[in-house]
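Visitor: Here you go, sequence then predicted model.
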Amino acid sequence: MSFKFFRPIAFFDIESTGLDTANDRIVELAICKLHPDYSTDNFSWLINPQMLIPAEATAIHGITNDMVFGEPTFNDLSLHIWGILNNCDFGGFNSNQFDIPMLYNEFVRAGLAFDYSTIRFIDCGNIFKRKEPRTLAAAVEFYCKYELANAHSAAADINATVSVFLKQLEKYKDLPSDIDSLALYCNHDKPVLDLSGKFTIDKDGDIVFNFGSKRGVKAKNDHGYLQWMYSKDFAPDTVRIIESMLGITSNF
């Protein structure tokens, strides 16, 4: 393949107690580590979220409270998982919006925080949406010509995602051939500023608000709104940007 990369891409998939990346918890994590020689290593864990799994979440992924009883917590596993992800770029399916922020917040609660400014995010879901808008199951059928079994099992989903990624590289010869450019493509040609997406950049390269009534407004021109945000309970990485814009020394 013409696509070249020089350190592993850790593709991962999360099943959780819900969709709130700040407050819900991981109940299953699977990692497929794709190496530059295209070999892979696989890891997976059931995780005790230390909270009840809602019935509506169990209905999607099939993981019950009984299944995670006695399993390690994320805090128990955090250093081991951190070691697996060390010196990797990250990948997944819709991972920029869900899996990566969810994992980031779990690590923060465990007293760890990865510097994602040094990590490229490869989101096969965004590639797919830009090329052939569909779901993961449809992506597997479209690219790999088989029906995805055991959808919403993290291990099945993430191995299917790696298969889709490799087929995307084969099919779309116009995809960027280096990891930095592909990571930008996966985020609609903009760098990731904060994982919750409260900030983005505009055509001038300036940081702008990306939510609410201030969407699209240059942050440097509205310190009052930045001060309001600073007084609220935003995620630590969002607060870092606010502090930088306001000239406040960060404690994070």
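Guide: Cool, got the structure.
Visitor: pretty sure residue 91 belongs to a strand, no?
Guide: Yes - using DSSP: H, G, I helix; E, B strand; the rest coil, the assignment for residue 91 is a strand.
Visitor: show me the contacts for it.
Guide: By C-beta atoms under 8 Å, 6 or more residues apart in numbering, residue 91 lies in contact with 9-12, 34, 121-124, 161-162, 165. The C-beta positions use only the backbone N, C-alpha and C, and glycine is treated the same way.
Visitor: again, only using 7 Å
Guide: 9-11, 122, 124, 165 (C-beta atoms under 7 Å, 6 or more residues apart in numbering).
Visitor: Cross these against helices and list the overlap.
Guide: 124, 165 (DSSP state H).
Visitor: Please, a ChimeraX command that selects the buried ones among the contacts of residue 91?
Guide: With 16 or more other C-beta atoms under 10 Å as the criterion, this ChimeraX line picks the buried residues out of the contacts of residue 91:
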select :9,10,11,122,124,165
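Visitor: what's the farthest-apart pair in the contacts of residue 91?
Guide: Largest separation among the contacts of residue 91 by C-beta to C-beta: 10 and 124, giving 13.3 Å.
Visitor: Okay, domains of this protein per the record?
Guide: The chain is divided into the following domains under automatic domain parsing: 9-186, 199-246.
Visitor: in stretch 190-202, what counts as buried?
Guide: So, applying 16+ other C-beta under 10 Å, buried residues of stretch 190-202: 192-196, 198-200.
Visitor: now do stretch 119-138
Guide: So for stretch 119-138, counting by 16+ other C-beta under 10 Å, buried means 119-128, 131, 136.
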